[in-house]
Every structure is written in C-alpha cells, then in structure tokens.
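>>> Kindly generate the corresponding structure for this input.
(chains A and B)
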Amino acid sequence: DAGVIQSPRHEVTEMGQEVTLRCKPISGHDYLFWYRQTMMRGLELLIYFNNNVPIDDSGMPEDRFSAKMPNASFSTLKIQPSEPRDSAVYFCASSFVDRPYNEQFFGPGTRLTVL
Amino acid sequence: GNSVTQMEGPVTLSEEAFLTINCTYTATGYPSLFWYVQYPGEGLQLLLKATKADDKGSNKGFEATYRKETTSFHLEKGSVQVSDSAVYFCALDHTGRRALTFGSGTRLQVQP
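Numbers count the residues shown, from 1 in each chain, chains lettered A, B, ... in the order given. This next block holds a predicted model:
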C-alpha cells in the first residue's frame, strides 16, 4: 500500500487567498484525521471523520477552516481566507477500527506558508 | 481533561549513550499509551504502544512501561545511534474515542 498521500507537499500563498489541502487515506481505513503542527502549539487535532462523517471538529480554529470527506478515499481541508498565522505543517492520518489498538498512519504533511 | 506532558528538548547525546525521555499523563478511564517518532521531513509513525497497566511496549531497541501508579510512560533505549535522531511524541487515546492526544514532542540529537 502507498500509505497516506497528501498534496501538495509545499504551498506558498498570500494572505487572503484560498488554500485547499488534499488527503488520500490508506484503502480500507475508516477513520481520517487532520492535524496541524506548529512550533508554538505542537501537534493539534483539527477534525476527524468516521466513515466519511465528521465526528469531532472542536479543534477547527475558526470559520475560515472547513473540511470535507466526499468519499472514503478523499478528504480536503480548506482555509478561506488564509492568514499568516495559518502557516504550519498540516498532517492527515488514517486508522482502521478493527485494529486492537489505536494506531494512526500519518501522511508526509503539507507545509503551508502564508505570506 | 486528558493531557500528556513530555520533557522539553532538545536532548543531545553521544552515540551509544543511554536515553530516557520522560512522559506523564492525565486521563480518565484506562487509555492506551503510545510513542510516535517523526524523522526529519516525514510524518509521525508509531514506535511502540502499551494498552494496559504494567504492559511494556518495545520496538527497535526502545522500551516503555505503562505505570498506572505514577501515570508515566517513559521512553528508554540502552544505546542510541545517530539514526535515532528525531522528534519523539508521547500520546494517549481517549476511552471510547479514536482521537489521540499528543505531548509537545522531544527532539533527540545523537552525535557521532
């Protein structure tokens, strides 16, 4: 299996622009997680889905952030409008409920820079 | 609520030195505990886990024991290598939920 795939790997944009991050989970996994990593705040859970349904979005910082999972093989995280403080590495992870323990598989991340 | 506290880094060691990275947690219920490792430019990957009290997780020479009485899950390795240089995250899951709570991460630098 190719693992969790994220695109783009790097994104540089200007303040006010819309940014869309993409994630393809491991085939057969039924949970998908979006995290944000910064030096100041560490690794934060933004939102997670189960069977394409959002379960907990309490970590989404504000209304500028939105996430969707239209099918089992694709999810997006959108920021509109973007701000410099959104600069971070965004990780997508997936997991499989039937594993005996809660192992999450992470993608390589998208490094977002908002100028 | 649930939380994880890790020792601050960076931790700098010489090759073949003994490693300890401290991790303590606060949780309701009986969470599983994990150590994840992040190599430069990569996502996190599971290093080891323990699902109940007194369990010892081990992998690649690393070990950690789930101590309920001290609410700790310290990571140890007897002899580190340069290739162990990475950021290490302690984490716990939430009873009844699939989300993980991560500690702040500890950067390990191993010098030849």
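>>> what pairs with the worst-scoring helix or strand of chain B on mean pLDDT, and is each one parallel or antiparallel?
Lowest on mean pLDDT, DSSP states H and E among the helices and strands of chain B sits strand B:100-102, with a mean of 89. Strand B:100-102 sits in its sheet next to strand B:86-93 (antiparallel), going by DSSP bridges.
>>> check contacts around A:W34.
A:23, A:45-48, A:67, A:75, A:77, A:90-92 (Cβ atoms under 8 Å, 6 or more residues apart in numbering or on different chains). C-betas here are computed from N, CA, C, even on glycine.
>>> on that earlier part again, what lies in contact with the helix or strand that the least confident helix or strand of chain B is followed by?
Per DSSP states H and E, the first helix or strand lying C-terminal to strand B:100-102 is strand B:106-111. By Cβ under 8 Å, 6+ apart, the residues outside strand B:106-111 that reach it are B:6-15, B:17, B:19, B:21, B:80-89.
>>> Now restrict the residues you listed to buried residues only.
Buried by 16 or more other Cβ atoms under 10 Å in any protein chain shown: B:6-7, B:11, B:13, B:19, B:21, B:80, B:84-89, out of the contacts of strand B:106-111.
>>> what's the most distant pair in the residues you listed?
For the buried ones among the contacts of strand B:106-111, the maximum inter-member distance is 18.2 Å, found between B:L13 and B:F89 (Cβ to Cβ).
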